[in-house]
Every structure is written in structure tokens, then in C-alpha cells.
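*Asks:* predicted model and sequence below, questions to follow.
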Amino acid sequence: MSDANTWAMIHAERARVADMLDGLSSEQWAMDTLCKGWNVRTVAAHMMNAGEQSTTKFFRGLLASGLRFNVMMDRQAHSSARLAPKEIVERIRASTTTTNKPPAAAMAMLGEVVVHGNDIRRPLGIDDDSSTEAKVACLEMFKGSNFPVPAKRTIAGLHLHATDADWSYGSGPDVNGPLVALLMAMASRPLAATLSGDGVATLRGRLEK
């Protein structure tokens, strides 16, 4: 997939997230998400930061955090979460036309917005509206990667099969479910009730370690 196509998907998904966030109540902005220790406001601020990232800013922040990636992400997200929700939404919308990013493939930015968008949606009971194309692209990326989440190890020896699209991967006991549920499991999030198959117990055990 070309970078142009990837950025088109990133921009579309950021627009969907901005629309979703724009409709939340103040109570919902304070609710917990699937990201442990981060509420909706913190995850949204993190997504805003991702859309404004650059190589220079990334390495400056990494050095300031003692070369600890997770510490840097946490500090920056909580700092930006002090902003008003309206400003966070406006700045996410502003990143629907830009292509700046940290020193990583553009596809990583797609995974960022699709996964974190659903970190917010699922606890709030909001239906996933990310595109099938975006979810499949993210699954293809995560299946061979162990950073920033150990997706490749998590699904080793299992057969993943989407029930809402023509996508499957791997061999072994089955894990069946919607694309978004498979993707969030690969991203080390708690398993959705929509997953089924003989491999679900194995997958759950790996995620609970």
C-alpha cells in the first residue's frame, strides 16, 4: 500500500475520532478507557500528540524521559490532557490534512488512531465505525510485529478468522470474531465478548500474564 493511500485512511479515521469525541459529554470525557490509567481525555490528548509529532520532537521527548518510551508517552499524554476537550478535538481535526509523524512508518499512525479510537469507544458503548480497509491494514501490520505491543507473540500458533470480512491468518486453534475484536486482542486489550473458538482460552491466558 502506498503512503498516499495510508495517509488517506489515517485522515479519514482521525476525522471519525474527532466526530466521536465532539459528541461526548463532560462525564464521558472523564471515563476510563481500555488504556490502563488513562481516561478518555488522556487518550484523546495522546492521539492529538501523535498527529502533531515529528522526528525532532520525538527524540527530544525521549531524551527528556531518560530514553524510556512508555514514560515519554505517559508524561506527554497527561500534560496535554490539561487542555480543554474542545481544543483537543480541534487539534485532532487539524491533523486530518497533515502528514508529519515520528520516526516510524506511516502505517503505525493508522494503528494508533484505529486502536486508540476503540480504546475509547468500547468502554463508552459506542459502535466502532472505522473502515474495513483500515482495520485489515492494521491487522496485516500487527501480525508480524512485536512493537509497540507484542502482537506477533500474542497470536503465535493460533488461527484468526474474521467473521465480518474476508480475512484470516495463522494456523492452530480458532479465534473467530469481528475485525475490530481481533485487532484489539492483537493490541493486548481485554478480549471482547464477540470472540469465539477453541483458541480464545489460550489468547486470554496470554493477555492476562
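*Replies:* Good, I have the coordinates.
*Asks:* outline the domain layout of the protein.
*Replies:* Under the assignment automatic domain parsing, the domains of the chain span 3-124, 132-207.
*Asks:* so how far is the last one from its chain's centroid?
*Replies:* Domain 132-207 has its average C-alpha position 14 Å from the chain's average C-alpha position, going by CA atoms, centre = their mean, to the nearest Å.
*Asks:* how long is it from one end to the other?
*Replies:* Domain 132-207 has an end-to-end distance of 25 Å (CA to CA, to the nearest Å).
*Asks:* give me the contact list for stretch 65-77.
*Replies:* Residues outside stretch 65-77 that contact it (CB atoms under 8 Å, 6 or more residues apart in numbering): Gly37, Trp38, Thr42, Val43, Ala45, His46, Asn49, Gly61, Leu62, Ala64, Pro148. Quick note: C-beta positions are derived from backbone N, CA and C, even for glycine.
*Asks:* mind listing what's buried in that stretch?
*Replies:* Ser65, Met72, Met73, Asp74, Gln76, Ala77 (16 or more other CB atoms under 10 Å).
*Asks:* export it to PDB, keeping only CA atoms.
*Replies:* Provided in PDB are the C-alpha atoms of stretch 65-77 (Å, rounded to 0.1, in the frame of the first residue of the first chain):
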ATOM      1  CA  SER A  65      12.400  10.800  29.600                       C
ATOM      2  CA  GLY A  66      15.700   9.000  30.000                       C
ATOM      3  CA  LEU A  67      15.200   7.000  26.800                       C
ATOM      4  CA  ARG A  68      12.100   5.400  28.300                       C
ATOM      5  CA  PHE A  69       9.400   5.300  25.500                       C
ATOM      6  CA  ASN A  70       6.400   4.400  27.700                       C
ATOM      7  CA  VAL A  71       7.400   7.100  30.300                       C
ATOM      8  CA  MET A  72       7.600   9.700  27.500                       C
ATOM      9  CA  MET A  73       4.200   8.700  26.100                       C
ATOM     10  CA  ASP A  74       2.600   8.800  29.600                       C
ATOM     11  CA  ARG A  75       4.100  12.200  30.500                       C
ATOM     12  CA  GLN A  76       3.200  13.800  27.200                       C
ATOM     13  CA  ALA A  77      -0.400  12.500  27.300                       C
END
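*Asks:* burial count for Ala94?
*Replies:* If you count neighbours by other CB atoms under 10 Å, Ala94 ends up with 14.
*Asks:* give me the pLDDT for it.
*Replies:* At Ala94, the pLDDT value in this model is 97.
*Asks:* please apply the same query to Val149.
*Replies:* With respect to pLDDT, Val149 has a value of 89.
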